[in-house]
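Colleague: Requesting a structural model of the entry that follows:
(chains A, B and C)
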Amino acid sequence: MTKILVVAESALRELLRRRSVLLILLLLPLAFYLSRRGDYLGQSIRFVCLGLGWALSTAALFAGSAARGMEPRLRLSGYGSLHLVLGRLLALWTVGVLLSAPYFVLILVDQHDVRYGAIALIMALTVAVAAPFGLLLSAVLPRELEGTLVLLTVVGLQMVMNPANNITRALPFWFSREIGTYAIDHTDGGYLSRGLTQGVAVAVTLTVLVAVAGAVRLRQRRHLRFA
Amino acid sequence: MDQERRAQWLRGVLDLCVLALLSRGESYGYQLSQALRAHGLGAVQGGTLYPVLLRLQRSGLVSAHWREGETGPARKYYRISPAGSEALRTAGTDWTAFAASVGAILSEEQMR
Amino acid sequence: MNHHAWLAALTGELRRHGVGPDLTGHVVAEAATHLRESGEPPLRVFGPPEAYARAVADSLGGPDLRPPRRQPGPVRLAAQGVTKRYRGRTVLDRVDLTVRAGEIAAVVGANGAGKSTFLRICAGMLSPDAGTVRVHGTLGYCPQDGGTAEFLDPDEHFVLVGAGRGLDRGAARRSGRAGAAALDWAPPAGTQTRHLSGGTRQKLNLVLAGLGEPDVLLLDEPYQGFDRGTYLDFWHEVWRWRDAGKAIVVVTHLLNQLDRVDIVLDLTTPGERRA
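Modeller: Residues are numbered from 1 along each chain as shown, chains lettered A, B, ... in the order given. As a prediction, the model looks like this:
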């Protein structure tokens, strides 16, 4: 447990020291929010959540890439791959919560007649999904540029595709639209439970995949034996 | 005088000069550097002198010991050893012969 | 430079030049006495500390002052038949290497001879096409570059790597700072790695490899960017590790150190070897 916490602490320090990146991440959801605030208030909530997801995934993508040089050394120094993955996830989740909090307050102040609890849930799920999503992309794609393009595609699709279309359920942030409808348009609980199920499933799946990718990349190779 | 040439000459004979000074009685680094200057060899800096003393000590030609001064700090005193006196005698004779040869050549040149 | 600073620098330089602690004490004390009596600036009397230390070391004769060789201990690293091919070219061809506790092995060879590849295979970061590596104990690895985090300062590195080795914060920091001091480096608190020079990063890299006293140290040309003094410090540290019973494998292309190691593994293939 100590090992996970030390990794988390180091990763958190690294993230918080990238001031300019952090500032852009913080402002990006705001831009999303303001872009839709004029025409339809509810839509701006959906957009801010997507913005948060995108910002945090991008942060995770870059954090994952930056950690690559150090991770083999840490593995040799006595860390298990799970320590490294969970530590980094913990740091990203923390950043995600810090990032979402001001937006939740903004919505509390700026919007009325919406289900705030459901909005908090969207944000929590977004954070839970975005961190492993970005890390997974950094694990499977060789360069940050490819990862950024994939993220752009996913969020873009999420915005333009009809949520009723079954294929969109495969998109990681689909729950956001679904629970958003429940929160803003006061629809029935079906939206909530469908969104919740998908969100939790995606978060769990991505977290497991990141752990597996880490375990494979940092595996103890067969030719090397410790006695 | 050409400083470069002077330094070269000194390099060849500094250990002998130090041995000769020590044959008159034990001494320490700073006093030796003063004595060398008084004899007209100019300022022989510590950076040159102490490595020579160390080499003499390592080869057993001088012995060294620390002693508290009556005034001032503890000093490392050097004393010539019997082997050092012997080396000084031999090298001293060699030098006299060498210097005489050089002197003879140079004075012939001047006579022309 | 005042007397005190100059004498302190001289102490360090004498150590770097392999002058033992007793003699260092004598030389420094004698210089101090002289400076006090003459009242002259040390740079005029003795010159730069490095030059004076070299003169002292030269006047001592033989440069090899390392402690007497001890009997090597049990086998710590055994690489057998390590073979690696890249795009049809055989880089490593059935390479064997056995290093015992208290031994230094130097891996030499031309550029592209596979020195780093061999080390990465020993560290388990790369799989060979054939062959095995057995390690008895823990492994420390110093890559040629990288291996540090840009946005963390040296102390945070010590804590992070130390925690993996089971050291608590205080112990990790002390141990890291002690390792740094051996390389004549006082890590500045709060300075992130990205603001350190190349040579200083390599010092950090090296200290991290030795953190937590691993039994086997794999060092991949870790001295790049080191000045001459630090380079000497590096070898002293390696010898200290050897005397502490560690097995060390160091990649080097500087052949003048080969008389001071126990094993030389030349990876230049016979066909490429120049006369």
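Colleague: going forward, measure contacts between C-alpha atoms and count neighbours the same way
Modeller: OK.
Colleague: Pick out the residue closest to the middle of chain A.
Modeller: residue A:130 (1.2 Å; CA atoms, centre = their mean).
Colleague: how close does that one get to residue B:12?
Modeller: 79 Å (CA to CA, to the nearest Å).
Colleague: Name the nearest residue to the residue nearest the centre of chain C, ignoring sequence neighbours.
Modeller: For chain C, the residue nearest the mean C-alpha position is residue C:234 (3.6 Å; CA atoms, centre = their mean). Of all residues not flanking residue C:234 in the chain, residue C:183 sits nearest, at 6.4 Å (CA to CA, 6 or more residues apart in numbering or on different chains).
Colleague: hey, C-alpha coordinates of the longest helix anywhere in chain C in PDB?
Modeller: Secondary structure of chain C read by DSSP state H shows that its longest helix is helix C:21-38. Only the C-alpha atoms of helix C:21-38 are listed here, as PDB (Å, rounded to 0.1, in the frame of the first residue of the first chain):
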ATOM      1  CA  PRO C  21      43.000   9.900   4.200                       C
ATOM      2  CA  ASP C  22      46.100  10.000   6.400                       C
ATOM      3  CA  LEU C  23      48.300  11.600   3.800                       C
ATOM      4  CA  THR C  24      45.500  13.900   2.700                       C
ATOM      5  CA  GLY C  25      45.300  15.200   6.300                       C
ATOM      6  CA  HIS C  26      49.000  15.900   6.400                       C
ATOM      7  CA  VAL C  27      49.100  17.700   3.000                       C
ATOM      8  CA  VAL C  28      46.100  19.800   3.900                       C
ATOM      9  CA  ALA C  29      47.400  20.700   7.300                       C
ATOM     10  CA  GLU C  30      50.800  21.600   5.900                       C
ATOM     11  CA  ALA C  31      49.200  23.800   3.300                       C
ATOM     12  CA  ALA C  32      47.000  25.500   5.900                       C
ATOM     13  CA  THR C  33      50.100  26.200   8.000                       C
ATOM     14  CA  HIS C  34      51.900  27.700   5.100                       C
ATOM     15  CA  LEU C  35      49.000  29.900   4.100                       C
ATOM     16  CA  ARG C  36      48.700  31.200   7.600                       C
ATOM     17  CA  GLU C  37      52.400  32.000   7.900                       C
ATOM     18  CA  SER C  38      52.800  33.500   4.500                       C
END
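Colleague: And that helix, what's buried?
Modeller: C:24, C:27, C:28, C:29, C:30, C:31, C:32, C:33, C:34, C:35, C:36 (16 or more other CA atoms under 10 Å in any protein chain shown).
Colleague: and if you look at stretch A:167-177?
Modeller: So for stretch A:167-177, counting by 16+ other CA under 10 Å, buried means A:168, A:169, A:171, A:172, A:173, A:174, A:175, A:176, A:177.
Colleague: Against chain C, how distant is the second one?
Modeller: Which is residue A:169. Using CA to the nearest CA, to the nearest Å, residue A:169 is found at 38 Å from chain C.
Colleague: And the fifth one, by the same measure?
Modeller: Note on residue A:173: its distance to chain C, by CA to the nearest CA, is 31 Å.
Colleague: just the strands in the chain please.
Modeller: Answering for chain A, as no chain was given. A:224-226 (DSSP state E).
Colleague: Correction: the question concerned chain C.
Modeller: Assigned by DSSP E, chain C shows strands spanning C:75-86, C:89-100, C:103-108, C:130-135, C:139-142, C:216-220, C:247-251, C:263-266.
Colleague: One more: chain B?
Modeller: Assigned by DSSP E, chain B shows strands spanning B:27-28, B:62-67, B:75-80.
Colleague: remind me which residues of the chain are low pLDDT?
Modeller: All of this refers to chain A. A:39, A:163 (pLDDT under 70).
Colleague: hm, I was asking about chain B
Modeller: Residue ranges of chain B with pLDDT under 70: B:1, B:69-72, B:109-112.
Colleague: For it, which residue gets nearest to chain C?
Modeller: Across chain B, the shortest distance to chain C (CA to the nearest CA) belongs to residue B:47, at 3.8 Å.
Colleague: Now that residue: closest residue in space, sequence neighbours ignored.
Modeller: residue C:46 (3.8 Å).
Colleague: got a pLDDT number for that neighbour?
Modeller: At residue C:46, the pLDDT value in this model is 91.
Colleague: Please apply the same query to the one 4 residues further on.
Modeller: What the model reports for residue C:50 is a pLDDT of 89.
Colleague: List the buried residues in the longest helix seen in chain B.
Modeller: Ranked by number of residues, the top helix in chain B under DSSP H is helix B:82-111. Buried residues in helix B:82-111, counted by 16+ other CA under 10 Å: B:84, B:85, B:88, B:92.
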